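Asks: requesting a structural model of the entry that follows:
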Amino acid sequence: MKDSENNQLYICFSQLLDYPTADLAKQTQVCIDLLQINHVQAAEQMTKFLSFVESRELGYLEEVYTGTFDVNPACHIFAGHLLFGESFKRGAFMAGLEEEYKEHGFNTKIELSDHIPVLFRFVSSSSSDFANELLKDCLIPVFEKMNTNFKDDSLNPYMPVLRTVSLVLNNIFKGR
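Replies: You can find the predicted model right below:
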């Protein structure tokens, strides 16, 4: 898979894992279309999420997102929290991220540096060794941890997104 296709997927993952907007169905379809190129199994999983998104009002999508990623500590949307908890290690991790972001001219906007959608936006914009380390040593373990918190028969509509991200990241790094 070409790096440009990976970067497009990272942007999609950033959008799907960020707070829902009225564009979520369109963003999900773009992700499915990209996944169908090299990740057919993942694309099939994502159609479940698309069906959910298309069948619900934005307010309900926001409630589900909040319940999944903001309220549930086992699936927190901040990578440092999942990796280190509320410890000094998370603070050091975030400080290191800020330093790298500044060095690469990357703006996190209003989010904390370890916000998972921010991490995906950063890696989509950088081909640095640091971006690859973030994918391999941070995001892959984070999604493995998130996925262990959902059984295969989970009714959480974000489960296909979490499974897809994990599958794609692992496939990308198998080839390297």
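Asks: where does this structure dip in pLDDT?
Replies: Low-confidence segments of the chain (pLDDT under 70): 1-2, 175-176.
Asks: report all helices and strands that the helix or strand containing V161 contacts.
Replies: Here V161 sits within helix 159-174, counting by DSSP states H and E. Under the contact criterion of 3 or more Cβ pairs under 8 Å, 6 or more residues apart in numbering; DSSP states H and E, helix 159-174 touches helix 3-17, helix 24-38, helix 40-54, helix 140-148. Where C-beta positions appear, they are placed from N, C-alpha and C, glycine not excepted.
Asks: CSV for these, including mean neighbour count?
Replies: Formatted as CSV, the helices and strands packed on helix 159-174 follow (neighbours: other Cβ atoms under 10 Å):
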stretch, mean neighbour count
helix 3-17, 20
helix 24-38, 18
helix 40-54, 17
helix 140-148, 18
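Asks: between the ones you listed, which gets nearest to E100?
Replies: helix 3-17 (16.0 Å; Cβ to Cβ).
Asks: the inter-axis angle of the closest one versus helix 159-174?
Replies: Helix 3-17 and helix 159-174 are oriented at 160 degrees to each other (axes from the mean of the first three to the mean of the last three Cα atoms, to 10 degrees).
Asks: chain center to helix 3-17: distance?
Replies: Distance of helix 3-17 from its chain centroid, counting by Cα atoms, centre = their mean, to the nearest Å, is 9 Å.
Asks: got a list of contacts for it?
Replies: Here helix 3-17 makes contact (Cβ atoms under 8 Å, 6 or more residues apart in numbering) with 23-24, 27-28, 30-31, 34-35, 37-38, 49, 69, 77, 116-118, 120-121, 123-125, 127, 161, 165, 168, 172.
Asks: try stretch 149-159
Replies: K48, F49, F52, V53, V64, Y65, T68, F69, N72, A74, C75, L162.
Asks: which pair in those spans the largest distance?
Replies: Farthest apart among the contacts of stretch 149-159 by Cβ to Cβ are V53 and A74. That separation is 22.6 Å.
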